[in-house]
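Here is a sequence together with a model predicted from it:
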Amino acid sequence: MSGLSGLNKTPGGIVISVIQAQLLDVATPKDLANAVTHVCNLVRRAKRAYPAMDMVILPEYSIHGLSMRTDPAIMCTLTGLEVQSFKDVCKELSIWGCFSIMEKNELDAAHPWNSGLIIDEKGDLVNYYRKMHPWIPVEPWYPGNQGLSVFTGPGGVKMSLIICHDGQFPEMAREAAYQGAEVLLRTAGYTPPIRQSWELTNRTNAFTNLMYTVSVALAGTDGTWKSMGEAMFCGPEGDILVRGNNDADEVFACEIRVEEVRRRRRHWGVENNLYQFGHRGYVAVQGGASDCPYTYMQDLVAGKW
């Protein structure tokens, strides 16, 4: 059920839109300002197209492009004009928004953060995430140092944000679900060779954690790179509810009915993997086994990876 791809909203549901923003070539402060204006106008267009929309998601790199430039002149701060523009458009339209910035790094000026921002309908920053797994060996970004967090989004829905390559690690989706996320947002700048693994991981992350996944990448070309679009809403059984295409600046939407997550997590026995992971064999063992039999987890904690 998608509410006719977000055109309808039922009681208890929320409508999320994703925008396959055009891949831009951003080299100067003027380019950056133009990119911010473009993104804000896309948000306004999405709200006109989907009046019931509660939240809009923009891709990773939507104002910086894929050049991986680290010039301080085009890096952002949380108090800068770029973030203020995002706050203003969310307040103007009374919607939530998810945005991407490359952020100045106080620890290492040569290696900025790749950051995702969640802004509520009042224009307040309510969640802030730094990409934990930059795409090696291409991305120069400093690995995120704040961990993964869960926030309460529109309609009281528990959400978490990860960025692009993060979604290839099942541990990221599991951590989000373990903290209570019912919807996993994934923004990306991926190019076409990743299309197959994009679908596989979006669907698997949804099913193995009984949650929705909402994913979107840039689209179009900057004359060198080409991004793939491929917006995707997956339900808690891993089914694709709404699927995008390759068109730049295209908007897609879907109704999210969070009770579909809560019901499965509460009542399922078979394939309730989120619960069973920490309660192995509970048919045979009272309460299930809760030890950690995984060598890689033990080694990572011990610093022996």
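Everything's here; your move. Residues are numbered from 1 along each chain as shown.

Give me the buried positions along stretch 73-91.
I74, M75, C76, E82, V83, S85, F86, K87, V89, C90, K91 (16 or more other Cβ atoms under 10 Å). Just so you know, the C-beta spots here come from the backbone N, C-alpha and C atoms, and that holds for glycine as well.

Do I have it right that the fourth one meets N34?
No: applying Cβ atoms under 8 Å, one finds E82 not in contact with N34, separated by 11.5 Å.

Closest one of the buried residues of stretch 73-91 to H267?
Using Cβ to Cβ, C90 comes nearest to H267 of these, at 35.7 Å.

what pLDDT does that closest one get?
You'll see C90 listed with a pLDDT of 98.

Extract the CA atoms of the one helix or strand it maps to and return them as PDB.
Using DSSP states H and E, C90 falls within helix 81-93. The C-alpha atoms that make up helix 81-93 are tabulated as PDB, following Å, rounded to 0.1, in the frame of the first residue of the first chain:
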ATOM      1  CA  LEU A  81      23.600  30.400   4.900                       C
ATOM      2  CA  GLU A  82      23.100  27.100   3.200                       C
ATOM      3  CA  VAL A  83      21.600  25.400   6.300                       C
ATOM      4  CA  GLN A  84      19.600  28.500   7.100                       C
ATOM      5  CA  SER A  85      18.000  28.300   3.600                       C
ATOM      6  CA  PHE A  86      17.000  24.800   4.300                       C
ATOM      7  CA  LYS A  87      15.500  25.800   7.600                       C
ATOM      8  CA  ASP A  88      13.600  28.600   6.000                       C
ATOM      9  CA  VAL A  89      12.000  26.500   3.300                       C
ATOM     10  CA  CYS A  90      10.800  23.900   5.700                       C
ATOM     11  CA  LYS A  91       9.200  26.500   7.900                       C
ATOM     12  CA  GLU A  92       7.700  28.200   4.900                       C
ATOM     13  CA  LEU A  93       6.000  25.000   3.800                       C
END
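
I'd like to know which elements that helix is packed against.
helix 29-49, strand 96-103, strand 113-119 (3 or more Cβ pairs under 8 Å, 6 or more residues apart in numbering; DSSP states H and E).

residues making contact with that helix?
The contact list for helix 81-93, computed with Cβ atoms under 8 Å, 6 or more residues apart in numbering, reads 32-33, 36-37, 39-40, 43-44, 47, 63, 76-77, 96-97, 99, 101, 117, 119-125.

Any quick ChimeraX command for the buried ones out of these?
Buried members of the contacts of helix 81-93, defined by 16+ other Cβ under 10 Å, are picked up in ChimeraX with:
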select :32,33,36,39,40,43,47,63,76,96,97,99,101,117,119,120,123
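
isn't N105 right next to R130, touching?
No: with contact defined as Cβ under 8 Å, N105 and R130 do not form a contacting pair (9.3 Å).

neighbour-wise, which of those two wins?
Remark: of N105 and R130, R130 carries more neighbours, 21 against 18, as counted by other Cβ atoms under 10 Å.

confidence score at the residue nearest to that one when sequence neighbours are not counted?
Once flanking residues are discounted, R130 sits nearest to G144: 3.4 Å by Cβ to Cβ, 6 or more residues apart in numbering. On the pLDDT scale, G144 is placed at 97.

Check A46 too.
For A46, the pLDDT comes out at 98.

now swap in the one 5 residues further on and tell me
According to the predicted model, the pLDDT of P51 comes to 96.

Three-state assignment for it, please.
Under DSSP: H, G, I helix; E, B strand; the rest coil, P51 falls in the coil class.

Quick one: neighbours of it, just the number.
For P51, using other Cβ under 10 Å, the count is 9.

and it, backbone torsions?
Note on P51: backbone dihedrals following degrees, to the nearest 10 are phi -60, psi -20.

that older thread, who touches both of N105 and R130?
Jointly contacting N105 and R130 under the rule Cβ under 8 Å, 6+ apart are W113, Y142.

The stretch 101-250 of the chain: strands as residue ranges?
113-119, 125-130, 150-152, 158-163, 183-188, 212-217, 219-221, 226-228, 232-234, 240-243, 250-257 (DSSP state E, counting those that start in this stretch).

and the ones you listed as TSV, adding mean pLDDT and distance to A177?
Formatted as TSV, the strands of the stretch 101-250 of the chain follow (pLDDT from 0 to 100; distance: least, Cβ to Cβ, whole Å):
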stretch	mean pLDDT	distance to A177
strand 113-119	98	18
strand 125-130	97	16
strand 150-152	98	9
strand 158-163	98	8
strand 183-188	98	8
strand 212-217	98	11
strand 219-221	97	28
strand 226-228	96	26
strand 232-234	98	13
strand 240-243	98	18
strand 250-257	97	15
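
right, so the ones you listed: which one is the most enclosed?
Between these, strand 212-217 has the highest mean count of neighbours, a mean of 29, where neighbours are mean count of other Cβ atoms under 10 Å.

okay, the angle between that strand and strand 158-163?
30 degrees (axes from the mean of the first three to the mean of the last three Cα atoms, to 10 degrees).
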